[in-house]
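Undergrad: I would like to see how this sequence folds:
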Amino acid sequence: MTIYIDLVFLLNFFFDLLLLIGVKILLKRSTKLLRLIFGALVGSISIFLLFLKINSLELFAFKVLISLLMIWCAFSYKNIRYFFKNFVTLYIVSAVLGGFLYFLNISFSYKNQGLIFFHNGLSINFIFLIIISPFIIYLYVKEHRRLKSEYQNYYTVKINFNHHEYLLTGYLDTGNNLIDPITCKKVILINRKILNADLKNKSPIFVRYNALNTSGIIECFKPEKVQINNNIIPDILLGISDNEFKMENIDCILNNQIKELFNV
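TA: Numbering: from 1, shown residues only. Model (predicted):
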C-alpha cells in the first residue's frame, strides 16, 4: 500500500486546526490564529508515530502527550483548571467529529445483509471530508450554544401551597416582568392542573397584565413559601395559567426580576 506522507500530514493538520478552532469558539478563548496554526502543526507530528514500532499503550501515551502540547501551544497555560478544560474540550470535539465521520464511512463504504456487513468497494474521498468537517463542527457548536443558553435558565423550584409541597422545574423568562401593582409582589406563572386540587376555597388576587397586543386579568394566589435553587424568595404570587407551556418539561415560568434580588 502506498502512503503519501505529505497528503496525510496536510489532512491531519487540517483536522487538528479545525478541532482547535472548535475549542476556541466553544470556550470563547482569546487566542491568535497563528497560535492555533502552530498547535495544529505540533499535533500533525503524530503521523510520524506510524513509522515507529511501539505498542498500543505507548501509542496512546504519545498521543495524549502531543494533545497536551497542542493545547499548550494554542492556548498557553494560565492555571490547571483552564488547561484541563481546554484539553477535555479538545477530546470532546474530536469525538464528535470522529464519530460522525466514522458513521459516514460506514454508511457509504459498507452494506449489509441482515447482521452481516461487508465492504462494497466505495470509500469517502478526503476532499469530501475536508468540505463536510467544518459543517459538522459548526452544527455541533451551534447546538451546544443553544442548549447552554436554554438550560442555564432552568431552575429547581419548591413551592409550599395549602400545606402541600410541590417540587417543580422552572424557567426564567426574560419576558415575564409581571408585578401586582397593589402588593408589589412578583408573579410566577404556573399551570392550573398542578395546583387544581388546592385552589378550592382559596381567595384569589386578580392582577391586570399587559402583553404584546393583548391585556387582561390573571388569577393569582399567595403561596406559603417559594424556594428556588435553595434560595427562599419572598413577595411572590402564583399566577394561574390555563394553557400548557410550550417549553419541554417546564412546570412554571419564573419572573425575570427575581434574579436581580437573589442572583439565582
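Undergrad: which intervals of this protein have sub-threshold pLDDT?
TA: 1-6, 49-52, 102-130, 147, 149-151, 211-213, 248, 260-264 (pLDDT under 70).
Undergrad: list the buried ones in the longest strand that it contains?
TA: Criterion DSSP state E: the longest strand present in the chain is strand 164-173. Taking 16 or more other C-beta atoms under 10 Å as the neighbour-count basis, strand 164-173 is seen to contain the buried residues Tyr166, Leu168, Gly170, Tyr171, Leu172, Asp173. Bear in mind the C-beta positions are built from the backbone N, C-alpha and C, glycine included.
Undergrad: tell me the contacts of the closest residue to the third one other than its chain neighbours?
TA: Going back to what we said before, that points to Gly170. Distances taken as C-beta to C-beta, 6 or more residues apart in numbering put Val157 closest to Gly170, at 3.9 Å, once the chain neighbours are dropped. Residues near Val157 by C-beta atoms under 8 Å, 6 or more residues apart in numbering: Leu167, Leu168, Thr169, Gly170, Ile188, Val226, Gln227, Ile228, Asp251, Cys252, Leu254.
Undergrad: and Leu237, how far from Asn55?
TA: Computed with C-beta to C-beta, to the nearest Å, the distance linking Leu237 and Asn55 is 67 Å.
Undergrad: quick check on the two: which one has the bigger neighbour count.
TA: Between Leu237 and Asn55, counted using other C-beta atoms under 10 Å, Leu237 has the larger neighbour count: 24 against 8.
Undergrad: give me the three-state assignment for the more buried one.
TA: strand (DSSP: H, G, I helix; E, B strand; the rest coil).
Undergrad: now Ile21
TA: Per three-state DSSP, the secondary structure class of Ile21 is helix.
Undergrad: and it, how many neighbours?
TA: Applying other C-beta under 10 Å, I find that Ile21 has 18 neighbouring residues.
Undergrad: Ile236 now?
TA: Neighbour count for Ile236, taken as other C-beta under 10 Å: 21.
Undergrad: phi and psi next, for the residue in the chain sticking out farthest from the centre.
TA: Taking C-alpha atoms, centre = their mean as the measure, the residue most remote from the mean C-alpha position of the chain is Asn201, 43.7 Å away. Backbone torsions of Asn201, given as degrees, to the nearest 10, read phi 60, psi 20.
Undergrad: and the lengthiest helix in the chain, how far out from the chain's middle?
TA: Determined from DSSP state H, the single longest helix within the chain is helix 80-109. Centroid separation for helix 80-109 versus its chain: 15 Å, with C-alpha atoms, centre = their mean, to the nearest Å.
Undergrad: got it, and stretch 235-248?
TA: Its chain's C-alpha centre and that of stretch 235-248 lie 25 Å apart, by C-alpha atoms, centre = their mean.
Undergrad: and for stretch 198-216?
TA: Between the mean C-alpha point of stretch 198-216 and the mean C-alpha point of its chain there is a distance of 35 Å (C-alpha atoms, centre = their mean).
Undergrad: check stretch 69-86 too.
TA: 21 Å.
Undergrad: for it, buried residues please.
TA: Met70, Ile71, Cys73, Ala74, Phe75, Phe83, Lys85, Asn86.
Undergrad: what does stretch 35-44 give?
TA: Going by neighbour count (16+ other C-beta under 10 Å), the buried part of stretch 35-44 is Arg35, Leu36, Ile37, Gly39, Ala40, Leu41, Val42, Gly43, Ser44.
Undergrad: which one among those residues gets closest to Gly99?
TA: Ranked by distance to Gly99 (C-beta to C-beta), the buried residues of stretch 35-44 are led by Gly43 at 18.6 Å.
Undergrad: follow-up on the earlier one: assign the residue nearest to Gly170 to helix, strand or coil.
TA: Following three-state DSSP, Val157 is assigned to strand.
Undergrad: many thanks, have a good one.
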